[in-house]
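> pasting the sequence and the predicted model now:
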Amino acid sequence: MTKREPSYLGGLNPMQRQAVLHYGPPLLILAGAGSGKTRVITVKIAHLLESRNLSPWDILAVTFTNKAAREMQERAVGLSPGAEKVLIRTFHSFGAWLLRRNAAALGLHANFSIYDEDDMVSLLKTLYPGRERRSLARYAFLIGRAKDFALSPGEPLFDVSQDPDFPEIYAAYEEKLRRIGNVDFGDLILRCVELLRISPEVKRRVHDRFKVIMVDEYQDSNVAQHRLLRELAAPDAYICVVGDDDQSIYRFRGAEVRNILAFPEVFPGTQIIRLEQNYRSTGNILAAAAAVVDHNRGRLGKTLWTANEAGLQPSIVTCENQDEEAAFCLSLLRKKPDLDTAILYRTNAQSRVFESLFLRESLPYRIVGTLRFYEREEIKDALAFLRFIANPRDEVSFRRIINKPPRGLGETAVSRILDRLGPDGDIAAAMTQARTDLRGRAATSLEDFLLLQRTLRESLEADPLPRFVERLIRDSGLEDYHKNQDEVAGTQKLQNLEELVNAASLYPQGPEGLSEFLEGIELDSARIREAEDKNDPLTRVTLITMHNTKGLEFDRVIVTGMEEGVFPRGGEESEEDIEEERRLFYVAITRARKEVHFTHCRSRRLHGRLQEFEPSRFLMELPDGIRGTEEPLSPEEAGFPVGAPVYHEEHGPGYIWKRSVTGGNLVVVVHFSSGRSLSFLPKYERRLERIAVDGA
């Protein structure tokens with residue numbers, strides 16, 4: 001009698017089935033984008049329990065986020081109830097689990113505390129009380145990075161930092177942390193490696209227990225995690241790692257793509273199973289993705305294919321500037337409003353132009369992975385300073401910026417200044433009067449701040465508005481303050497501040513230009529509040545960086561900013577850097593189910609100046625036949641020649657300064673009498689009207 005096949009194997013394609021049934025030598029599952037990786041992992045756990053007669057206690061499954069671990073457990077339990085007792089954890093959660101059960105072997109107490117980055121800074125402050133916390137935050141970040149690379153204080157640290165003080169600071173920190181008896185996040189991995197190396201008894205028990213070790217998203221593992229896997233794996237254990245070398249995009253977080261590339265060498269006898277059938281995208285989208293990533297040398301190689309239709313050919317659209325780029329995206333959204341669409345960009349700062357246009361056009365959008373542009377901390381800081389320069393009676397803005405970055409002007413100093421306020425509420429005058437009330441550093445700092453605001457007001461009168469904003473960000477200390485935060489947290493605050501300078505370039509100079517600039521921002525903020533009040537559930541467009549799209553999918557993807565120096569970033573990038581950027585492009589393309597569009601600009605505002613750009617090298621790597629499309633103009637579009645006078649109900653009178661055709665739509669740049677220039681699509685912008693003049 002033929003044994004009935006388990007139901008959980010139903011619906012698997014041949015390679016998925018082979019991966020699930022595999023057992024014995026080490027296994028590397030190369031799972032392409034959209035190939036059903038999560039299903040394979042969970043079915044494999046169920047198969048190990050149901051058909052291999054393994055105990056749940058025999059299996060360890062490790063992934064990178066709590067959300068992924070929960071999803072894996074839930075789906076596995078749905079196939080086999082015994083999976084509830086399988087140890088499925090993140091790397092760090094597993095590290096805490098192992099250390100608490102074996103703390104004594106390392107001289108730790110079982111109830112040790114786990115320090116986060118803020119705790120690390122506080123510990124460093126006890127060692128170096130004379131240093132500022134933001135300086136120490138940088139060293140805390142570097143210590144965490146050293147531990148990601150499995151480097152102790154006594155080892156060469158040049159690849160982590162060239163700072164000559166770092167080795168000594170790391171050594172002092174580590175000595176005190178161990179004396180206290182606590183651990184930080186890096187220790188949750190690194191001290192597990194140490195534990196398994198110094199304690200044969202613990203290592204024997206771990207090897208006896210875990211007969212199967214599975215690791216998901218292995219391309220995202222760092223050096224320390226790779227070493228932990230090697231220590232955990234008994235000679236006779238079954239090791240299975242799942243990942244995609246073509247989707248390794250987190251090197252800035254410490255991920256090491258070589259871990260997955262070298263896996264067959266580290267674990268001899270490894271078998272590689274490639275999951276290449278894609279269930280998400282059309283054939284033309286996959287062809288574009290494959291053509292790009294094939295240019296990378298550092299990959300194990302696979303070719304995605306699909307049973308889906310070929311679909312639309314991806315398009316490349318050339319735009320004059322980022323305003324026209326945003327207008328083109330708006331035209332696509334209006335042509336097919338029902339498609340779930342994502343607009344992708346390399347850095348968060350690029351969201352501003354899209355946000356401003358969509359708010360102006362009352363188009364609901366959501367932004368993923370960050371705050372809306374004008375809600376970001378660094379932008380609020382700069383705007384508060386601008387508002388105070390524009391209006392020295394603005395107490396709310398004054399309180400935000402007087403001691404940010406820290407100037408030694410705390411609450412006591414602020415109270416003494418505000419006590420001097422006269423009937424007119426002029427805080428600048430109150431600061432001048434309060435100089436005699438302060439002593440020491442506070443008095444010196446107040447003098448410096450008074451000089452700063454005077455020179456900034458002079459700059460406001462003399463300089464173009466973007467140069468003034470640039471100077472304010474630099475001279476106020478906000479540039480250095482947020483640059484330090486970028487170094488510590490891997491954020492893009494400086495780029496956001498640079499984009500604020502770009503936004504100012506649309507306005508005239510002087511106090512009136514600054515007031516108009518701030519008024520425009522407040523109008524955008526009001527539109528944001530109005531949009532949030534509506535809480536439109538039918539939002540069809542997502543603004544998101546390429547890095548944040550990992551694991552997501554959309555009907556239509558528009559990859560913007562495809563210029564050399566923007567994407568890839570340019571500068572002194574190594575071949576390794578370029579290959580990772582190319583993998584990021586591959587990830588961006590493979591998020592799309594039905595449509596992909598690529599946009600690049602001939603010029604783009606950077607640092608408040610218009611700069612010309614060449615198309616990204618990655619566009620040249622796409623298959624032949626991907627080209628922009630042009631369609632004849634509609635009658636309503638043809639009626640807007642260069643020089644034609646127009647009127648916009650929100651922005652007033654102006655004239656057509658430039659015009660071009662992008663994606664089959666006319667885009668006009670209108671120069672308004674206010675001095676502001678904006679891009680519009682006449683086909684869709686009903687508030688823009690041609691003004692009839694005599695003889696016209």
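Yep, that arrived. Numbers count the residues shown, from 1 in each chain.
> assess the claim that Y481 and K404 are in contact.
Yes: under the criterion of CB atoms under 8 Å, Y481 makes contact with K404 at 7.3 Å. (Glycine included, C-beta is placed from N, CA and C.)
> partner strands of the helix or strand where R274 lies, parallel or antiparallel?
Taking DSSP states H and E as the definition, R274 sits inside strand 271-275. Strand 271-275 has its sheet partners listed here by DSSP bridges as strand 27-31 (parallel).
> tell me what the helix or strand following the partner strand is packed against?
Using DSSP H and E, the next helix or strand after strand 27-31 towards the C-terminus is helix 37-50. Under the contact criterion of 3 or more CB pairs under 8 Å, 6 or more residues apart in numbering; DSSP states H and E, helix 37-50 touches helix 14-21, strand 27-31, strand 59-63, helix 66-79, strand 212-215, strand 238-243.
> quick one: which of the ones you listed is nearest I389?
For these, proximity to I389 was assessed by CB to CB; helix 66-79 is nearest, at 44.1 Å.
> what's the angle from that closest one to helix 37-50?
For helix 66-79 against helix 37-50, the angle by axes from the mean of the first three to the mean of the last three CA atoms, to 10 degrees is 50 degrees.
> show me the shaky parts of this structure.
1-3, 530-539, 627-636, 638, 663-664, 693-696 (pLDDT under 70).
> which helix runs longest in it?
Criterion DSSP state H: the longest helix present in the chain is helix 510-534.
> for that one, the distance to its chain's centre please.
26 Å (CA atoms, centre = their mean, to the nearest Å).
> residues making contact with it?
355-356, 359-360, 362, 364, 372, 374-375, 383, 386-387, 389-390, 460-461, 465, 468, 503-504, 506-508, 674-676 (CB atoms under 8 Å, 6 or more residues apart in numbering).
> list the buried residues for it?
Neighbour counts using 16 or more other CB atoms under 10 Å place G510, G513, L514, E516, F517, L518, G520, I521, D524, R527, I528, A531 of helix 510-534 among the buried residues.
> between these, which sits nearest I198?
Out of the buried residues of helix 510-534, the member with the shortest distance to I198 (by CB to CB) is I528, at 55.6 Å.
> distance of the closest one relative to Q247?
Note on I528: its distance to Q247, by CB to CB, to the nearest Å, is 33 Å.
> rewinding a little: format the buried residues of helix 510-534 as TSV; extra columns: distance to D338.
Output for the buried residues of helix 510-534, formatted as TSV (distance: CB to CB, whole Å):
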residue	distance to D338
G510	46
G513	41
L514	42
E516	37
F517	36
L518	37
G520	31
I521	32
D524	27
R527	23
I528	24
A531	20
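> got a markdown table for the helices and strands packed on helix 37-50, with distance to G639 too?
Formatted as a markdown table, the helices and strands packed on helix 37-50 follow (distance: least, CB to CB, whole Å):
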| stretch | distance to G639 |
| --- | --- |
| helix 14-21 | 57 |
| strand 27-31 | 54 |
| strand 59-63 | 58 |
| helix 66-79 | 53 |
| strand 212-215 | 62 |
| strand 238-243 | 56 |
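> and E395, which of those is closest to it?
Comparing the helices and strands packed on helix 37-50 by CB to CB, helix 66-79 comes nearest, at 42.4 Å.
> which residues does the closest one contact?
So helix 66-79 is contacted by 8, 38-39, 41-43, 45-46, 61, 63, 83-84, 86, 88-90, 93, 216-217 (CB under 8 Å, 6+ apart).
> after it comes which helix or strand?
strand 87-90.
> who does that following strand pair up with?
Strand 87-90 is paired, per DSSP bridges, with strand 59-63 (parallel).
> between strand 238-243 and the partner strand, find me the angle.
Using the same axes, to 10 degrees: strand 59-63 against strand 238-243 is 20 degrees.
> please export the C-alpha coordinates of strand 59-63 as PDB.
Provided in PDB are the C-alpha atoms of strand 59-63 (Å, rounded to 0.1, in the frame of the first residue of the first chain):
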ATOM      1  CA  ILE A  59      15.700  22.200  16.200                       C
ATOM      2  CA  LEU A  60      17.100  25.800  16.400                       C
ATOM      3  CA  ALA A  61      15.900  28.300  13.800                       C
ATOM      4  CA  VAL A  62      17.400  31.800  13.700                       C
ATOM      5  CA  THR A  63      16.300  34.900  11.900                       C
END
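> picking that back up, among the helices and strands packed on helix 37-50, which is nearest R686?
helix 66-79 (43.4 Å).
> gap between the nearest residue to H648 once chain neighbours are set aside and V541?
Of all residues not flanking H648 in the chain, L688 sits nearest, at 5.1 Å (CB to CB, 6 or more residues apart in numbering). Using CB to CB, L688 is found at 22 Å from V541.
> and these two? Which one has more around it.
Shown here are L688 and V541; by other CB atoms under 10 Å, V541 has more neighbours (25 against 21).
> pull the contacting residues for C319.
E325, F328, T599, H600, C601, R602, S660, T662, V667.
> nope, Y218 is what I was after
Contacts for Y218 (CB under 8 Å, 6+ apart) come out as L28, V241, V242, G243, N259, I260, F263.
> wait, isn't G298 in contact with L261?
Yes: counting by CB under 8 Å, L261 is a contact partner of G298 at 6.3 Å.
> joint contacts of the two?
With CB under 8 Å, 6+ apart, G298 and L261 have common neighbours D245.
> and the gap between V559 and R334?
Using CB to CB, one obtains 19 Å as the distance from V559 to R334.
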